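[1] Got a sequence here, can you model it:
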Amino acid sequence: MRSKMIIFLLLTVSGFAFAQKRFYKGNTHTHCFLKSIDIFDFSYTASKVVANYKAKGYDFLVFTDHDNYWDASGLSTEDFIVLNGSEIGIYGINRSCHFTALGIQSNILGIGATYQELLDAIVAQGGIAFLNHPRWAGYAHCSAKQVINDMKQNLFHVEVYTAGVDSLTKYDTSLWDSVLTTGRLMYGIASDDSHKESDQGRGWICVYASSLHPDTLIYAIRNGNFYASNGIILEFIEYLPDRITVQSRNGTSIRFIGSGGKTLSTIDDAEATYMIQGGEEYVRAEISNTLNQTAWIQPYIIDTSTTDVERSKWIGLPEANLLYQNYPNPFNQSTTIRFSLLKSLFVSLKIYNFLGKEVNTLISEYRSAGEYEVEWNAEDLPSGIYLYRLETGDYVETRKLILQK
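    So this is what the prediction gives:
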């Protein structure tokens, strides 16, 4: 059984930063008094909401007040981040969908807009759009047909569990599976949609990122590096070209799901692996327990055209030692180098010029198992082709990077 890596480490040494990733827990659908017109409890202020979530062990939240963007970043502290956003609605006959707009910079209104125009406006501000509580039968219902036909671009996130609407035992992922079955990537979100204190702590996402910096969190969310949950804690998620592995702390059953929501395999254990058979369009997993709690991992879209190891992704502890291509590449002044370790090993990571002369030692010490990022600053070096080399145990790999000033 793998042990969970819960240490977060950030070192700054002579021009580079070294960070180990971990999970950060957050709510992406949060309301407060005065900012949302449907809250009448004068005491339910933004500062109280932040204090409550922090006390519940959360690391971040997003304020999504109805059609009301405001800059909430001033409520952030060193150990708790508040991200900006709003909840935007489109209203009218058969037009009642709501969207979280995460990371926008100014107010956006849905009045008179089509769904696609609203999504485009969110993305134009650098934001991420989430389709909120699409199966809410009351006020903001949205169908898979509407998503497929009227929201063709700039929508990659959907709430699959909304605590303000759903119960632990009653939620609906059919829209998610309907969209995935068309071949379109869609990430699943769980949230509180909190309007009062009793709503809090019932649905969340755990984001796998190297820091609590807002840009880092938003980047990870944008790329699906998170899982959704209403109580299950996951230790490890692995996506490889031929398999998916999931390990939980408190789950007792893992169900792998494919096209149309069909069950591919069910394993009654806290850890399970699904081997790709070759005919799947996508595979996702739901992890549950006897308390009716569930976690949802992000879908793995099957691409039979490649088995490149670069398609591999870890959320938790890795299964192999790997050195990834730096990004960006080419780069101007600074770039990020990522690598993963299967177990605790002595790590040497060095930079060489194209003639083989060492120009920088980034790491030369023992490191625990996990996934790491190193930021290399080449401010004092001339433009050209450089090499970075990872040596750890029996694993040695060298890759090329290009500095363009």
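[2] how about residue 168, what does it touch?
    Under the criterion of C-beta atoms under 8 Å, 6 or more residues apart in numbering, the contact partners of residue 168 comprise 230, 231, 291, 292, 293, 294. Placement of C-beta: from N, CA and C, glycine included.
[3] Could you check the pLDDT of it?
    The predicted local confidence for residue 168 comes out at a pLDDT of 83.
[4] pLDDT averaged over stretch 43-55 - what is it?
    pLDDT averaged over stretch 43-55 equals 97, rounded to a whole number.
[5] ok so, going back, can you select the buried ones from the contacts of residue 168 in ChimeraX?
    In ChimeraX, a selection of the buried entries from those looks like this (16 or more other C-beta atoms under 10 Å):
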select :230,231,293,294
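[6] Show me the contacts of residue 168 that map onto strands.
    In this view, the contacts of residue 168 that belong to strands under DSSP state E are residue 294.
[7] At which residues are the helices of the protein located?
    Taking DSSP state H as the criterion, the chain contains helices spanning 46-55, 115-124, 144-150, 174-181, 214-222.
[8] contact partners of the first one?
    Helix 46-55 is contacted by residues 27, 30, 32, 35, 61, 63, 72, 75, 79-80, 82, 194, 197, 200-201 when judged by C-beta under 8 Å, 6+ apart.
[9] List only buried entries from those residues.
    With neighbours counted by 16+ other C-beta under 10 Å, the contacts of helix 46-55 contain buried members at 27, 30, 32, 35, 61, 63, 72, 75, 80, 82, 194, 200-201.
[10] Redo the residues you listed as TSV? Include pLDDT.
    Written out in TSV, the entries for these read as follows (pLDDT from 0 to 100):
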residue	pLDDT
27	98
30	97
32	97
35	94
61	97
63	97
72	95
75	97
80	98
82	98
194	95
200	97
201	96
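[11] Closest one of those to residue 283?
    The shortest approach to residue 283 among the buried ones among the contacts of helix 46-55 belongs to residue 27, at 27.1 Å (C-beta to C-beta).
[12] picking that back up, please identify the deepest-packed of the helices of the chain.
    Here the criterion is mean neighbour count by mean count of other C-beta atoms under 10 Å, and of the helices of the chain the winner is helix 174-181, at a mean of 21.
[13] got a list of what residue 125 touches?
    Contacts here follow C-beta under 8 Å, 6+ apart; on that basis residue 125 touches 101, 103, 104, 105, 106, 108.
[14] how about a cut-off of 6 Å?
    By C-beta atoms under 6 Å, 6 or more residues apart in numbering, the residues touching residue 125 are 104, 105.
[15] can you check the one 5 residues further on too?
    When contacts are counted by C-beta under 6 Å, 6+ apart, residue 130 touches 100, 157, 189.
[16] Now intersect the contacts of helix 46-55 with the strands, please.
    Secondary structure of the contacts of helix 46-55 is defined by DSSP E; positions in strands are 27, 30, 61, 63, 82.
[17] thinking the fourth one is in contact with residue 29, fair?
    The one in question is residue 63. No: under the contact definition of C-beta atoms under 6 Å, residue 63 does not touch residue 29, with a separation of 9.4 Å.
[18] Okay, now the unreliable bits of the stretch 251-400 of the chain?
    303-320 (pLDDT under 70).
[19] picking that back up, return the member of the contacts of residue 168 nearest to residue 246.
    Each of these was scored against residue 246 by C-beta to C-beta, and residue 294 proved nearest at 12.6 Å.
[20] Chain neighbours aside, what residue packs nearest to that closest one?
    The shortest distance from residue 294 to any residue other than its chain neighbours is 4.8 Å, reached at residue 288 (C-beta to C-beta, 6 or more residues apart in numbering).
[21] what about the one you found, distance to residue 81?
    Here residue 288 is placed at a distance of 29 Å from residue 81 (C-beta to C-beta, to the nearest Å).
[22] before we move on, what about residue 72?
    The span separating residue 72 from residue 81 equals 10 Å under the rule C-beta to C-beta.
[23] So for the two, which residues contact both of them?
    Shared between the contact lists of residue 72 and residue 81 (criterion: C-beta under 6 Å, 6+ apart) there are no residues.
[24] Cheers, nothing more for now.
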